[in-house]
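> Here you go, sequence then predicted model.
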Amino acid sequence: MTCRAPIVKSACCANGRLRKDAVLKTGAETTGPRIDSILDHWARHVRIANGGATRHGLTLRRSKASMRPVLSHILAALEGHSIAKAFDADGTASQAARHYGELRHEQGFTIGDLLRDFRQLRREVGLHLVEASGNIRDTIDAVRNIDDAIDRAQAIAVETFHVIDVETLTELVAQDPLTGLFDYGYLWERLEQEIQRARRHDRPLSVVMVDVDWFKRYNDAFGHLWGDVALKQIAAILQENARRSDVVARYGGDEFVMILPETAIPGARTIGERIRQAVTAFPFKSRTDEAVSISASIGCATVGDELTTARDLIGRADGALYAAKGDGRNRVIVYEDGMPCLAP
C-alpha cells in the first residue's frame, strides 16, 4: 500500500473543515515538499504503466523534470491565478506544457500515453488535496480549478503532438527524390519563415549556395547515372557539414542551397570553406572504378540591415557564386556591395 504524507491538521478549523486560506496556500508552496510528493507518486505510477524502471528509468527522470514546471503552473490555480491568462499562447505555462509534449513525442510515446500521464497527474493532485483537507467536500472548488488547469495543459501538450506530426509529414513530402534533401519549393517557404524570424528577433541569417564545377563534363564523360551518384554523394557531404538547425535543399540540377539560422557571414564562410574542402577531397567513383576529383564553387550572403526578401538573399548568394566561378572556380566568395544581385 502506498505511503503518503500525513494529513495537515493545523490547517483545519475545530470542526475539521479546511480553512479557505489553507487551500490557497497549497498552491504557493509549489517548490517545496508538496510538489515533490505529487511528482514522486506520479512518477511511480507512470513508470509502472510504461513498463518499469529498467526500460524507462532515464526517460522517466527527464519526464519528471519536464512535468515539474507544468505542475507548478497547475497548482497556481489554487492561489486564484487566471488559468486562461496563465496558459495563453505566449505564457510560460503554455511553453512548459508544449515542452512536455515535445519531450514525450521525442521519447517515442503516443498520444494515448500522454493522456495517461495527465490522467495520473489529475489523480495524484486530487488525492493530495483530499489528504490535505481530510474532507473531500471542502476541496470541490479547488479540484474544479485544478481540473481546468490540467485540461488546458493537456490540450496544449496533445496539440504539440499534432503539430510535430504535420511538420514531419510536410518535410517528408518536400524531399527531393534523388538526393533526399529538401526540394526547391520547401526551400523558398522555409527561407521566408527564417527571414521573418531573424527580423523579429534581430538575429543573423545567412545562406550558402553550392554549384558543382564542370558537372556537365562529368556527365558527358561517365554518363548521367554516375552523375546522379555524384550528386547523392555531394548531398551527403552537405548534410554531414550541416548543423541540426540548418536547412539543406537542392536548388536544381547541380546547385544546392543551405539556410544557416543564427549565422553571420564569418560563420557562413567557414561552413562554405569546409564544404569546398570536403568535396575536393572526396574520391568520387566512375564506371572504371577510378577515383575522380570534383570541385565546387560557393557563394555566401547574409540578411543585411535593409529589408531583405528571400529572392534578394538568394540573388546575392547567386551573385557571389557567379563571382567565384569567374575567379577560377573551386573557391568561396562572400557577397559584397557592387556584386551583381541575380534576383529577377
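Cool, got the structure. Numbers count the residues shown, from 1 in each chain.
> gap between D213 and G91?
According to Cβ to Cβ, to the nearest Å, D213 stands 52 Å off from G91. To be clear about C-beta, it is placed using only N, CA and C from the backbone, and glycine gets the same treatment.
> scratch that, D151
Counting by Cβ to Cβ, the gap between D151 and G91 amounts to 15 Å.
> neighbour-wise, which of D213 and G91 wins?
Neighbours were tallied for D213 and for G91 using other Cβ atoms under 10 Å; the higher tally belongs to D213 (20 against 15).
> Would you confirm that that one contacts S293?
No. Here D213 lies out of contact with S293, judged by Cβ atoms under 8 Å, at a distance of 10.0 Å.
> Output the longest helix belonging to the protein.
Assignment by DSSP state H gives helix 140-173 as the longest helix of the chain.
> tell me what it is packed against?
Under the contact criterion of 3 or more Cβ pairs under 8 Å, 6 or more residues apart in numbering; DSSP states H and E, the helices and strands touching helix 140-173 comprise helix 20-28, helix 53-75, helix 83-86, helix 92-106, helix 111-133.
> Can you lay out those helices as JSON lines showing mean neighbour count?
Listed next are those as JSON lines, based on neighbours: other Cβ atoms under 10 Å:
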{"stretch": "helix 20-28", "mean neighbour count": "16"}
{"stretch": "helix 53-75", "mean neighbour count": "18"}
{"stretch": "helix 83-86", "mean neighbour count": "15"}
{"stretch": "helix 92-106", "mean neighbour count": "20"}
{"stretch": "helix 111-133", "mean neighbour count": "18"}
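> Out of the ones you listed, which is closest to A317?
Ranking these by proximity to A317 (Cβ to Cβ) places helix 92-106 first, at 32.2 Å.
> relative orientation of that closest one and helix 53-75 in degrees?
160 degrees (axes from the mean of the first three to the mean of the last three Cα atoms, to 10 degrees).
> Quick one: mean pLDDT for helix 92-106?
Per-region confidence: helix 92-106 scores 86 on mean pLDDT.
> Now do the SS call for D337.
coil (DSSP: H, G, I helix; E, B strand; the rest coil).
> follow-up on the earlier one: pull out the buried positions in the longest helix of the chain.
Across helix 140-173, burial judged by 16 or more other Cβ atoms under 10 Å covers 142, 145-147, 149-150, 152-154, 156-158, 160-161.
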